[in-house]
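Student: okay, structure incoming, though there's no sequence with it:
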Ligand code: PBG
Ligand code: ZN
């Protein structure tokens with residue numbers, strides 16, 4: 001007879017639940033919101049079914065629902081009313097992002113607000129920093145990112161999430177926040193952000209595609225793993241509180257390696273292209289959406305993610 005039979009502990013759902021190694025919870029999730037100017041705007045994003053452009057009033061209503069569902073946090077992205085060479089609407093306190101942060105903080109104070117800090121939605125050229133010719137100038141961009149981070153903290157953000165991939169931005173943002181006494185505002189850095197085709201639907205949604213070239217001079221080459229560990233090491237040394245890896249599904253090897261190596265929380269971003277693939281196949285009846293989403297999100301957690309930023313968050317919470 002076989003002495004060890006792994007199937008013994010798979011006999012029924014209670015046994016399986018009792019020994020389950022990974023338990024996904026709504027408390028692990030962050031829902032991204034896209035805010036726009038105007039009032040009573042709620043427009044579905046074609047390449048991201050179920051996700052909407054929301055004016056501030058509707059963003060507040062959705063934030064109430066998100067909080068009631070038990071989701072602990074939202075991440076705010078915005079479409080500004082004007083764009084220029086340096087992306088100055090990114091630190092305009094009257095812009096949709098800053099107004100949404102303040103309004104959500106006021107009506108749903110317990111909800112954690114993450115502010116995405118980047119310039120690509122705000123620059124006329126769609127790059128994530130200040131240009132010098134066709135080159136994104138690293139150190140000049142840091143000064144602008146500091147302004148964006150401080151403006152979002154002033155509006156009421158709890159966590160600042162820089163997604164630009166400039167070198168040294170975590171330290172620069174930490175300094176700027178501390179100087180304004182925002183020493184309790186955390187930094188969740190997009191430490192490992194690959195130059196990925198999975199961002200396609202987001203760039204439609206955020207109107208943030210680069211007008212020339214690509215982002216490969218600042219976002220990482222997806223062929224590299226050891227470089228990811230270096231990026232993590234740098235960001236932790238600069239003061240990052242949470243380390244994020246992005247995208248998620250094709251990069252779970254990176255999540256696992258980072259999780260093994262560091263003693264700080266790890267986040268993954270389940271990005272727009274990953275979401276759109278699930279939505280499109282589900283709409284065709286080719287997969288079971290609930291099962292696939294649960295499997296994907298559980299895999300991210302099993303790989304070592306403590307936090308998952310996902311457009312599926314509201315659906316997942318409603319299915320429970
Ligand atoms: C801005 C930013 C991007 C995403 C998050 N912040 C796009 C990009 O870098 O081109 C992508 C998110 C998604 O695809 O869901 N830098
Ligand atoms: Zn950007």
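Tutor: On my side now, so go ahead. On a predicted model such as this, the values are computed, not experimentally measured, just so you know. Ligands and ions are numbered 1, 2, ... in the order given.

Student: what's the neighbour count on residue 14?
Tutor: When neighbours are counted by other CB atoms under 10 Å, residue 14 registers 7. Just so you know, the C-beta spots here come from the backbone N, C-alpha and C atoms, and that holds for glycine as well.

Student: swap that for residue 218, sorry
Tutor: Residue 218: 18 neighbours (other CB under 10 Å).

Student: for the nearest residue to it once chain neighbours are set aside, phi and psi?
Tutor: Spatially, and ignoring its direct neighbours in sequence, residue 218 is nearest to residue 165 (4.3 Å; CB to CB, 6 or more residues apart in numbering). In terms of degrees, to the nearest 10, the main-chain angles of residue 165 are phi 70, psi 30.

Student: I figured residue 165 was touching residue 128, is that so?
Tutor: Yes. Using CB atoms under 8 Å, residue 165 is in contact with residue 128, at 6.8 Å.

Student: joint contacts of these two?
Tutor: Counting by CB atoms under 8 Å, 6 or more residues apart in numbering, the residues touching both residue 165 and residue 128 are 215, 218.

Student: just give the nearest non-adjacent residue to residue 270, would you?
Tutor: Nearest to residue 270 is residue 310, by CB to CB, 6+ apart, at 4.0 Å.

Student: what's near enough to touch that neighbour?
Tutor: Applying CB under 8 Å, 6+ apart, the residues near residue 310 are 29-32, 270, 275, 297, 316.

Student: tell me which residues of the helix or strand where residue 63 lies are tucked away?
Tutor: Using DSSP states H and E, residue 63 sits in helix 56-68. When burial is assessed from 16 or more other CB atoms under 10 Å, helix 56-68 yields the following buried residues: 56, 58-60, 62-63, 66-67.

Student: what's the farthest-apart pair in these?
Tutor: 56 and 67 (16.4 Å; CB to CB).

Student: ok, and what's touching the helix or strand that contains residue 76?
Tutor: If you go by DSSP H and E, residue 76 is part of strand 73-78. For strand 73-78, the surrounding residues in contact (CB under 8 Å, 6+ apart) are 29-36, 59, 63, 66, 95-97, 100-101, 104, 111-116, 121, 157, 159, 161, 206, 309.

Student: let's see 7 Å
Tutor: Outside strand 73-78, the residues that touch it by CB atoms under 7 Å, 6 or more residues apart in numbering are 30-35, 63, 66, 95-97, 100-101, 111-116, 121, 161, 206, 309.

Student: and what of stretch 224-236?
Tutor: Counting by CB under 7 Å, 6+ apart, 170, 189, 191-192, 220, 243, 253-254, 257-258, 261-262, 264 sit against stretch 224-236.

Student: and the buried ones among those, selectable in PyMOL?
Tutor: To isolate in PyMOL the members of the contacts of stretch 224-236 that are buried, counting by 16+ other CB under 10 Å, one can use:
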select buried, resi 170+189+191+192+220+243+254+257+258+262
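
Student: in strands, which of the contacts of stretch 224-236 fall?
Tutor: If you go by DSSP state E, those have 189, 191-192, 243 in strands.

Student: the lowest-mean-pLDDT helix or strand in the chain near ligand 2 anywhere?
Tutor: Sorting the helices and strands of the chain by mean pLDDT, DSSP states H and E puts helix 200-206 at the bottom, at a mean of 93. No. Helix 200-206 stays clear of ligand 2 (CB under 5 Å from the ion), getting no nearer than 8.8 Å.
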